[in-house]
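>>> Have a look at this fold, sequence not included:
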């Protein structure tokens, strides 16, 4: 079945928020900050960049962790500060916000296709996409050859946000970015 | 100081204490699971154990960060994790039991994951916004944890004679440590009355029926022995906690103030 390309309500709200924000150039600047574990994906596309506020001289950036123990968060915080400093922002603060909890729904369409190009199946590559559903045992579309003849090898993959699959068509293993 | 200020201060102390306990539960179990890293039965399972452990340690950090904030005396989460002694830790004892064999680790995870499923769900509705936010993250992760521990319980219980024997022995061994999960002291009662703490006694029956369903499906027997071990929330521990702290804290204690 052909799916009509739409974006979720959550994604729409994020896009709108970014456009309405008064700090357009800072958002663009932070598009350069990537997830250190998936270096093709920016923190905006991943959905962890939540807000940018400019208060007087200070730039306040709000991020939200993907998983409680995600070791990338500290690196991301440092990268944000480094890029802001390099671009003349002397006074910045990076705040962590826990609620609402991060969800894969916040990932942008561009982020999803970048994931696939990088060899990782995106959250909506499961046969019956139902947001918030747990990882299926099979039929996640293989990012290498597009086959659905795949099976889950492990619930947890190389990082907390992924699980491990194997493709029975091209015989390659691949990571699946799981729904949460 | 006005009466209102004193009241708020006492409440902050209570919440700080409670958050520390929840952090203790999470860090002790997280550390236990982390002991499997590089020793898992096969590569994928090794990675899964590492991931679950990281979820717990991350959760501990969030609870401790909040406790440090409330204590308001310049402490950080590291002081809570690395510079408190054995009697200061108030984790439930089930979390500090040794990792045992793989069946033992899985049996404990099943019981604790099923418990956390309910506990964290209730904590998301806490009147304390920070605790609710931490729970909101944890509740999603726990869904994955429970599914995995359930799948493994079925495989081991319904597997070979040896795997069946081992996981049944583990369930029998651990069972007596589950009772204190559902009991509360005065501190927790005060917070439950304010809609901040979680009253676990309210979901004990549901927990039992969930766990029973999995065990029966795995051809395992739900223990009926009447023994129970208590004391974690009072800081009375089994000898195992001392061993964990020795390993977990020695760098911080040997090199005070060290930073990565």
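Looks like it came in fine. No experiment lies behind these values; they were computed from the predicted model shown.

>>> Quick check: chain neighbours aside, which residue is closest to residue 70?
I'll assume chain A. residue A:160 (6.3 Å; C-beta to C-beta, 6 or more residues apart in numbering or on different chains). From N, CA and C alone the C-beta is placed, and that goes for glycine too.

>>> that's the wrong chain, I meant chain B
Nearest to residue B:70 is residue B:16, by C-beta to C-beta, 6+ apart, at 3.9 Å.

>>> Which residues belonging to the strand or helix carrying that neighbour are considered buried?
Per DSSP states H and E, residue B:16 falls inside helix B:3-34. Going by neighbour count (16 or more other C-beta atoms under 10 Å in any protein chain shown), the buried part of helix B:3-34 is B:11, B:14-34.

>>> now that helix: how far from the chain's centre is it?
13 Å (C-alpha atoms, centre = their mean, to the nearest Å).

>>> Report the separation between the nearest residue to residue B:17 once chain neighbours are set aside and residue B:19.
Spatial nearest neighbour of residue B:17, excluding adjacent residues (C-beta to C-beta, 6+ apart): residue B:187 at 6.0 Å. According to C-beta to C-beta, to the nearest Å, residue B:187 and residue B:19 sit 12 Å apart.

>>> Point out where chain B drops to low pLDDT.
B:1, B:260 (pLDDT under 70).

>>> And the residue of it that's closest to chain A?
Residue nearest to chain A within chain B: residue B:58 (2.6 Å; C-beta to the nearest C-beta).

>>> Quick check, pLDDT for the closest residue to chain B within chain A.
Across chain A, no residue is closer to chain B than residue A:69, which sits at 2.6 Å (C-beta to the nearest C-beta). The model reports residue A:69 with a pLDDT of 81.

>>> helices or strands up against the helix ranked longest in chain A?
In chain A, taking DSSP state H as the definition, the longest helix is helix A:72-86. Helices and strands touching helix A:72-86, as assessed by 3 or more C-beta pairs under 8 Å, 6 or more residues apart in numbering or on different chains; DSSP states H and E, comprise helix A:24-30, strand A:34-35, strand A:58-63, strand A:91-96.

>>> Please report phi then psi for residue B:102.
Main-chain torsions, residue B:102, degrees, to the nearest 10: phi -60, psi -40.

>>> Tell me how many other residues crowd the closest residue to it other than its chain neighbours.
The shortest distance from residue B:102 to any non-neighbouring residue, by C-beta to C-beta, 6+ apart, is to residue B:41 (5.5 Å). Residue B:41 has 11 neighbouring residues, counting by other C-beta atoms under 10 Å in any protein chain shown.

>>> likewise residue B:83?
Counted with other C-beta under 10 Å, residue B:83 comes out at 14.

>>> Checking residue B:173 next. Helix, strand or coil?
Here residue B:173 is recorded as helix under DSSP: H, G, I helix; E, B strand; the rest coil.

>>> elements contacting whichever helix or strand comes after the helix holding residue B:16?
Counting by DSSP H and E, the next helix or strand C-terminal to helix B:3-34 is helix B:43-71. When contacts are defined as 3+ C-beta pairs under 8 Å, 6+ apart, helix B:43-71 packs onto strand A:150-154, helix B:3-34, helix B:77-82, helix B:129-157.

>>> Next, format those as CSV and append distance to residue A:27.
Output for the helices and strands packed on helix B:43-71, formatted as CSV (distance: least, C-beta to C-beta, whole Å):
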stretch, distance to residue A:27
strand A:150-154, 36
helix B:3-34, 34
helix B:77-82, 30
helix B:129-157, 24
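
>>> who's in contact with the residue nearest to residue B:70?
Contacts here follow C-beta atoms under 8 Å, 6 or more residues apart in numbering or on different chains; on that basis residue B:16 touches B:67, B:70-71.

>>> Would you mind checking which of those residues is nearest to residue A:118?
residue B:67 (38.6 Å; C-beta to C-beta).

>>> Might one say that that closest one is in contact with residue B:21?
No - contact criterion C-beta atoms under 8 Å: residue B:67 and residue B:21 do not qualify, at 9.2 Å.

>>> Leaving out the residues flanking it, which one is nearest to the most centrally placed residue in chain A?
Nearest to the mean C-alpha position of chain A, counting by C-alpha atoms, centre = their mean, stands residue A:46 at 2.0 Å. The shortest distance from residue A:46 to any residue other than its chain neighbours is 5.4 Å, reached at residue A:35 (C-beta to C-beta, 6+ apart).

>>> The one you found: what's it in contact with?
Residue A:35 sits next to A:41-43, A:46, A:48, A:72, A:76 when contact means C-beta under 8 Å, 6+ apart.

>>> how near is it to residue A:45?
From residue A:35 to residue A:45 the distance is 9 Å (C-beta to C-beta).

>>> do the same with residue A:165
Distance from residue A:165 to residue A:45, by C-beta to C-beta: 22 Å.

>>> of these two, who's got more company?
Between residue A:165 and residue A:45, residue A:165 has the larger neighbour count (other C-beta under 10 Å), namely 28 against 23.
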